[in-house]
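In: curious how this folds, go ahead:
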Amino acid sequence: MTQTVETTPVFIERQSLGRGQPLRPDEPQTLPELFLRATAKEERADALSYKRDGRWHHISSGKMLERIGHIALGFYSLGLRKGDRVAILATNSPEWTLTDAACQFLGVLDVPIYPTLAESSVRYTLDDSGARALVLEGRAAYERVAATISNFRTIKHLVFFDSSDIVGAMSLADLEVGGKKLESEKPELLGSLSSAVTGDDIATIIYTSGTTGEPKGVMLTHTNIISNVFDAGEKYSFSGKDVSLSVLPLCHVFERTGMYLYILNGMAVNYAESIEQVPENLQEVRPTIFIGVPRIFEKVYARARLKAARSSRTRELVFDWAIQIARRYATQIERNIPIPRLLSLKHSIADLLVYRKLREFFGGLLRACITGGAALSDDIYLIFTGAGITIYQGYGLSETSPVISSNNPLDHRLGTVGKPIRNVQVRIAADGEIEAKGPGVMMGYYNKAEATNEAFTEDGWFRTGDIGKLDKDGFLKITDRKKELFKTSGGKYVAPSRIEQMILASRFVSQVVLIGDGRKFPAALIVPNFEMLRSYARHKGLEIKTPKEFCENQRIIDLIERQIAGLTGELSGYEKVKRFVLLKKELTVEGGELTPTLKVRRRVVNEKYKSVIDKMYDDAERGKVRMAVMESE
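Out: Down below sits the predicted model:
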């Protein structure tokens, strides 16, 4: 069936693959059906929970559905109709979920915008999508983009989650009042509007973060999303007894699909107050299911290790011993090898001393962590698994709604991103690129016919842009991003992600970016873990305090050099890092070096640090032996 939407600009048409084999005979076909099916079950008093003014508030499943209807009819009363676009610029909250669902009931396409995006990116998204309404979290969000909004004639309505004194704007509460009034006048209207939505209708346009160029609007249908909710969750035993904490941005399809999965299964959904408050919220909520990107788990481990190092030398040694036991214990499990009695005893002791505290950080009740969005290192996986925190790594893209493959309680393998989920097929092209086909694959890129055509093979398979391989049992392993592979001047191809993961295993390294395209050898930009270096300096009696001093100190430079050499010894000569630069400031979303999902924007990093990189290679040419220089800005 071909999807065509009567609107300007025109959508790119592509043949829909359909839902595939449903998991259940009564499976909903659209997101409105999903919400209706979920709320038709037993009433849940704490369906959506949020913390404000120091205490937790709850929205029941019945109230959730009621408010969704009022928001949808409120939009309708403003003149919005099926096929129109509504942009949402806000952090996670119940209002975000309610507004998103309301758009789906109305047949309106929502366009999520990351609150951290630069104003130029916000402008591009609004312009390209042709949004008729913009929903904002509050005045702070408005002031960031006020100049941009004033220049758009397509935006007819501004809606704030909270109250607003902006001329011409309205609050979400006001919108709901209008929707409630319309409902009293036309009680059958909402049902007829939601019934008109089909699986082949576009539900959302999600703009990619643009690591290599101009953002593209990914068009996902109701079928795309619904299929992923069911098929990705097939081998997990989710139930209404589960409790979740929403941490990742709902602007990202990974968290959003997770949210639909939570609601479908009747879970208690809790919204983290902010990234800074996540540790406190974890203790309060005590989730059983947690979705996070690898960076979260890396930071939790680094924090625990730092705490041990700051306590005493003895506690640091105990912590390191326990981590070593965790790795060995998890490796035995992964290889299906019986645990030796002595190792089991050591593991029990380590559990009392270290692992229990690590589990308590997450609230103590976790039964599954699900991660994606970037590569999870084998080392972090083994550490957490050995400590009794199960992490299931998956793989996918915005263009695939997002899950292509996933480890799960029934099928999991170290070093892989699992097997393709049901109804999804994966093949490896001649050049190693992973290609996928299934009901979750997007309809195309909004307003970009050429880019859409380039994204698919002649026989209809989606080109992921990732390099990988399938093992004999069907598990998928990612080796690198195709566009991130670089070639040295000697003609050798280098895959940076793999080498970066090796270096990140050092407790003294916080971030690393490999460079070397067209150069004689690979080099690295490294942000040290300054807190861990401070602990190291105290033990060694070194008087070093500031990031600048650490980056200039030859003993610290020598330490990082030894760490790199020890962790990358298995690499071929042409892959080894010959020079590195220590950066005194972290790469951040706000600085433009990271995408909102914490992926490195390599082009931006190369441009921003060009002078430093050029100097490093020039020094190497002149035979200077110093391995690092400090970032000059």
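
In: dihedrals phi and psi, the residue lying closest to residue 495 once chain neighbours are set aside?
Out: What sits nearest to residue 495 in space, not counting adjacent residues and going by C-beta to C-beta, 6 or more residues apart in numbering, is residue 480, at 3.7 Å. Yep, even glycine has a C-beta here, placed from its N, CA and C like the rest. Backbone geometry at residue 480, expressed as degrees, to the nearest 10, gives phi -180, psi 170.

In: need the residues that contact the top helix by length along the chain.
Out: In terms of residue count, the longest helix belonging to the chain (DSSP state H) is helix 313-334. Residues outside helix 313-334 that contact it (C-beta atoms under 8 Å, 6 or more residues apart in numbering): 304-305, 308-309, 338-340, 343-344, 346-347, 350, 353-355, 379, 381-383, 385-387, 413-414, 535, 539.

In: so how far is it off the chain centroid?
Out: Its chain's C-alpha centre lies 28 Å from the corresponding centre of helix 313-334 when counted by C-alpha atoms, centre = their mean, to the nearest Å.

In: packing partners for the helix or strand just after it?
Out: Next along the chain after helix 313-334, taking DSSP states H and E as the criterion, comes helix 341-350. Here helix 341-350 touches helix 313-334, going by 3 or more C-beta pairs under 8 Å, 6 or more residues apart in numbering; DSSP states H and E.

In: can I get the helix it packs on as CSV, trimmed to CA atoms?
Out: The C-alpha atoms that make up helix 313-334 are tabulated as CSV, following Å, rounded to 0.1, in the frame of the first residue of the first chain:
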residue,chain,number,x,y,z
ARG,A,313,43.9,2.9,49.4
THR,A,314,42.5,-0.2,51.0
ARG,A,315,39.0,0.4,49.8
GLU,A,316,40.3,1.2,46.3
LEU,A,317,42.1,-2.2,46.2
VAL,A,318,39.1,-4.0,47.5
PHE,A,319,36.9,-2.4,44.8
ASP,A,320,39.4,-3.2,42.0
TRP,A,321,39.6,-6.8,43.3
ALA,A,322,35.8,-7.1,43.3
ILE,A,323,35.6,-5.8,39.7
GLN,A,324,38.1,-8.3,38.6
ILE,A,325,36.0,-11.1,40.2
ALA,A,326,32.9,-9.7,38.5
ARG,A,327,34.6,-9.9,35.1
ARG,A,328,35.7,-13.4,35.7
TYR,A,329,32.3,-14.5,37.0
ALA,A,330,30.4,-13.0,34.1
THR,A,331,32.8,-14.4,31.6
GLN,A,332,32.1,-17.9,33.0
ILE,A,333,28.4,-17.3,32.7
GLU,A,334,28.7,-16.0,29.1
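
In: now the angle between helix 341-350 and that helix, please.
Out: Angle, helix 313-334 to helix 341-350, by axes from the mean of the first three to the mean of the last three C-alpha atoms, to 10 degrees: 130 degrees.

In: now do the buried residues in the biggest strand by length in the chain.
Out: The longest strand of the chain (DSSP state E) is strand 462-470. Across strand 462-470, burial judged by 16 or more other C-beta atoms under 10 Å covers 462-468, 470.

In: elements contacting it?
Out: By 3+ C-beta pairs under 8 Å, 6+ apart, strand 462-470 packs against strand 425-428, strand 433-437, helix 449-455, strand 476-481.

In: closest one to residue 543 among these?
Out: Nearest to residue 543 among these is strand 476-481; the distance by C-beta to C-beta comes to 41.3 Å.

In: contacts for that closest one, please.
Out: With C-beta under 8 Å, 6+ apart, strand 476-481 has contacts from 375, 395, 404-405, 415-420, 426, 432, 434, 465-471, 495-498.

In: redo that, cut-off 7 Å
Out: Residues outside strand 476-481 that contact it (C-beta atoms under 7 Å, 6 or more residues apart in numbering): 375, 395, 405, 415-420, 426, 465-471, 495-498.

In: if we can go back for a sec, beta partners for the residue nearest to residue 495?
Out: Here residue 480 sits in beta bridges with residue 467, going by DSSP bridges.

In: circling back: buried deepest among the helices and strands packed on strand 462-470, which one?
Out: Ranked by mean neighbour count under mean count of other C-beta atoms under 10 Å, the helices and strands packed on strand 462-470 are led by strand 433-437, which reaches a mean of 22.
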